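Q: Starting from these lines, generate the structure:
(4 chains)
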Number of protein chains: 2
Amino acid sequence: MLDVRRLKVLKAVVELGSVSAAAAALNFTPSGVSQHVSALERETGCLLLEPAGRGIRPTDAALLLCEQASRILAAIQEAEDALAALRSGQIGRLRLAAFPTAGSSLVPGALAAFQLLHPKVALDLTVHEPEEAIAKLRSGAIDLAITVEPYGPGGAPDDGLVRRHLLADPFRVVLPRKHPLAGRRSVDLAMLADDRWIRVSSSPDYCQQAVDDACVRAGFQPAYAMEADEYPTVEGFVAAGLGVALVPELALGPSVHIGVVARHVKGDQPVRQVWAATRPAIAEQAPVQAMLEFLRQAAKHFATDGG
Amino acid sequence: MLDVRRLKVLKAVVELGSVSAAAAALNFTPSGVSQHVSALERETGCLLLEPAGRGIRPTDAALLLCEQASRILAAIQEAEDALAALRSGQIGRLRLAAFPTAGSSLVPGALAAFQLLHPKVALDLTVHEPEEAIAKLRSGAIDLAITVEPYGPGGAPDDGLVRRHLLADPFRVVLPRKHPLAGRRSVDLAMLADDRWIRVSSSPDYCQQAVDDACVRAGFQPAYAMEADEYPTVEGFVAAGLGVALVPELALGPSVHIGVVARHVKGDQPVRQVWAATRPAIAEQAPVQAMLEFLRQAAKHFATDGG
DNA sequence: AATGGTCCTTTAGTGTGACTAAATAGTGAC
DNA sequence: GTCACTATTTAGTCACACTAAAGGACCATT
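A: Next comes the predicted model:
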């Protein structure tokens, strides 16, 4: 296998026309250069330099190797450039997973902003429930997970992942438009103790738990009449007058079902916490940092809107 | 500057999926492989391998470097192939210089035969007098010199060049077709003692000397009446009846001037010696060796024809 | 929960080879 | 002929590449 270092030395000799000039250029002694060329001659079995007067003259083999060396060194330079581009975040790939309601609301804005800054970074967004997203993150299948978790800022577990809190997503009371309490700006949960409730089945356990806990704090156990697998379906059920529900603001999205109203919970609001998580190994990379920042800004925007 | 050896190690790790498999493939210990990758991480500033279960998983940077490494290694392989082709004589360049009469007779046949065997070797033939050809050979401007010399086989000087005797080129007596001796198969020079002689001026001194010496051996000093700068002109002068001449067989070529006849010299024939010379540095190269062989064969052909 | 096995890494140690310095040899210029 | 310049050779030193052995993390098994 040709040694690239030796080729570099030979190239310097051929291009500068003498061993000593090459040595000066490479910060070597002429002896070192001569030994490199000798080794290359031994390794290739070709005479590379022949004496010419006081100096040397490259053989045809040396000229050929010199030409080839340029191509090899160019390939190495390209590799360095590509790596530098990757390091600076100009190129690359970022695979995200978000839970369903984030994937359709909070995340797209952040992705758009990111893409403007890093047009050559390939983005890949998939929608997964938090548990699966974290598993994929750990396995390296994704680079960034946007999840809902039971804990808030300061409560993140030390499980080997790097986490960043994005948003406290408050649950809103969703009532049929004709409900007696629909006219109020905010609703005391205790006043819904006798209503029938709609439950969502797809969300993580602790989301359902958060709803139950809020009701318990208000002094009752919610009576679940129906179960829907997605929040939009829940809104449909409520609009049909089948019951009331607590739905996270992100899940409500910018427009609510025409047959329902969403009202703040009076007093101690139930929330689900929205987090971004990544692996420590990639946490410092430019694209990851940039995406985290854009997510944070998007979340702030939501928080301001939703109050 | 990226280190190709390290890239090779990384490539093995990525392609084989584990440090130990790469170590086995490279005849290293896992420790050595690990240290190589660590060094590459330090040198590039990029994390390349991250833990994944019991093993490792390459990062995006590692995958990129691996891809680039393939291109670099391919370039090195191409360089090796090109060098091998040069060494085997498949490609390359061969610059020859021949003295005028060889360049127009002996050499072209050898070149044609060579080109059949080495179609990708670029041939460059120039015509120079021996002295200049040898100078160009020493300076590296040509690779092979075909010259006439005063010495025969065994008499080659030890002047740092590699020489090969090709041919003893005998001088022939060139007479006007109407000359009294034109009917003889061979001519005793002594019978031309009273003729007028034609001299050629462009040939090396010792060629003229060879003629003079032959005459002196025959017992007379030739009386030069005319001087021509090329052998064809000499033939023209002889045809015009201006005198007689001794002309090397190679210079006569396959067909002589219609007004002259060429006859062998009776007894001790004057000759000029045809040699090929090259530099020791390139004497062993395949194209040089091949060309020398073809020249030898062409010379043998001439000797048989003319002898 | 504990144990064994696998994989990777770290540390220490050793040998090779990369480079310098000094001496040698060859060439051209004065 | 001597000097100046160039390249090579030799000897010597230092750094690096690798091995061996120990340590640590993880998974599987009991």
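Q: how about the helices in the stretch 151-300 of chain A?
A: A:205-217, A:231-239, A:249-252, A:280-283, A:286-306 (DSSP state H, counting those that start in this stretch).
Q: Can you give me the buried ones in the fourth one?
A: Of the residues in helix A:280-283, those buried under the neighbour-count criterion (16 or more other CB atoms under 10 Å in any protein chain shown) are A:281-283. Using the backbone N, CA and C atoms, a C-beta is placed for each residue, glycine as well.
Q: where are the low-confidence patches of the stretch 151-300 of chain A?
A: With pLDDT under 70 as the threshold, the stretch 151-300 of chain A has no low-confidence stretch at all.
Q: where does it come near chain B, residue by residue?
A: A:279, A:281-282 (CB under 8 Å from any CB of the partner chain).
Q: With distance to residue A:72 as new columns, can those be given to me in a markdown table?
A: Below are these laid out as a markdown table (distance: CB to CB, whole Å):
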| residue | distance to residue A:72 |
| --- | --- |
| A:279 | 35 |
| A:281 | 31 |
| A:282 | 31 |
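Q: Going by distance to DNA strand C, which of those wins?
A: In terms of CB to the nearest atom of the strand, no member of these lies closer to DNA strand C than residue A:281, at 11.1 Å.
Q: what's the burial count for the closest residue to the closest one other than its chain neighbours?
A: Of all residues not flanking residue A:281 in the chain, residue B:50 sits nearest, at 4.2 Å (CB to CB, 6 or more residues apart in numbering or on different chains). The number of residues packed near residue B:50 is 15, by other CB atoms under 10 Å in any protein chain shown.
Q: The helix or strand containing residue B:50 pairs with which strands, and in what direction?
A: Assigned by DSSP states H and E, residue B:50 belongs to strand B:49-52. On the basis of DSSP bridges, the sheet neighbours of strand B:49-52 come out as strand B:55-58 (antiparallel).
Q: Show me which positions of the strand it pairs with end up buried.
A: When neighbours are counted by 16+ other CB under 10 Å, the buried residues of strand B:55-58 are found to be B:56, B:58.
Q: Could you do stretch A:34-45 as well?
A: The neighbour-count criterion (16+ other CB under 10 Å) identifies A:34, A:36-37, A:40-41, A:44 as the buried residues of stretch A:34-45.
Q: So what touches that stretch?
A: Contact with stretch A:34-45 is made by A:2-3, A:5-7, A:9-10, A:13, A:19, A:47-49, A:61, A:65, B:83, B:87, as judged by CB atoms under 8 Å, 6 or more residues apart in numbering or on different chains.
Q: How is chain A divided into domains?
A: Per automatic domain parsing, the structural domains of chain A span A:4-87, A:92-166+A:273-306, A:169-272.
Q: Any idea which of those domains gets closest to residue B:104?
A: Taking CB to CB as the measure, those were each checked against residue B:104, and domain A:4-87 came out nearest at 27.2 Å.
Q: End to end on the closest one, go ahead and measure it.
A: Here the two ends of domain A:4-87 are set 25 Å apart, with distance taken as CA to CA, to the nearest Å.
Q: shouldn't the residue nearest to residue A:281 be in contact with residue B:59?
A: Yes: taking CB atoms under 8 Å as the contact criterion, residue B:50 and residue B:59 are neighbours in contact, 6.0 Å apart.
Q: Show me whatever sits in contact with both of these two.
A: Overlap between the contact sets of residue B:50 and residue B:59, as judged by CB under 8 Å, 6+ apart, is given by residue A:281.
Q: For chain B, tell me whether stretch A:112-119 is touching it.
A: No: counting by CB under 8 Å from any CB, chain B has no neighbours in stretch A:112-119; the shortest distance is 13.6 Å.
Q: which parts of chain A sit against DNA strand C?
A: Counting by CB under 7 Å from any atom of the strand, chain A comes close to DNA strand C at A:5, A:23, A:27-29, A:31-32, A:35-36, A:39, A:51, A:53-54.
Q: go with 6 Å
A: By the rule CB under 6 Å from any atom of the strand, the part of chain A lying against DNA strand C is A:27-29, A:31-32, A:35-36, A:39, A:53-54.
Q: Least confident of those residues?
A: Minimum pLDDT across those is recorded for residue A:53, with 89.
Q: before we move on, back to that, want to try TSV for the domains of chain A, with distance to residue B:156 as columns?
A: Converted to TSV, the domains of chain A look like this (distance: least, CB to CB, whole Å):
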stretch	distance to residue B:156
domain A:4-87	21
domain A:92-166+A:273-306	68
domain A:169-272	96
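Q: Of all those domains, which one is nearest residue B:215?
A: Smallest distance to residue B:215 across those (CB to CB): 42.6 Å, for domain A:4-87.
Q: and that closest one, how far out from the chain's middle?
A: Chain-centre distance of domain A:4-87: 44 Å, with CA atoms, centre = their mean, to the nearest Å.
Q: which residue of chain A sits farthest from its center?
A: In chain A, counting by CA atoms, centre = their mean, residue A:53 sits farthest out from the average C-alpha position, at 64.3 Å.
Q: any idea how far it is from residue B:279?
A: Distance from residue A:53 to residue B:279, counting by CB to CB, to the nearest Å: 14 Å.
Q: Tell me the helices and strands packed up against the strand ranked longest in chain A.
A: In terms of residue count, the longest strand belonging to chain A (DSSP state E) is strand A:162-176. Packing partners of strand A:162-176 (3 or more CB pairs under 8 Å, 6 or more residues apart in numbering or on different chains; DSSP states H and E): helix A:205-217, helix A:231-239, strand A:245-248, helix A:249-252, strand A:260-265, strand A:271-278, helix A:286-306.
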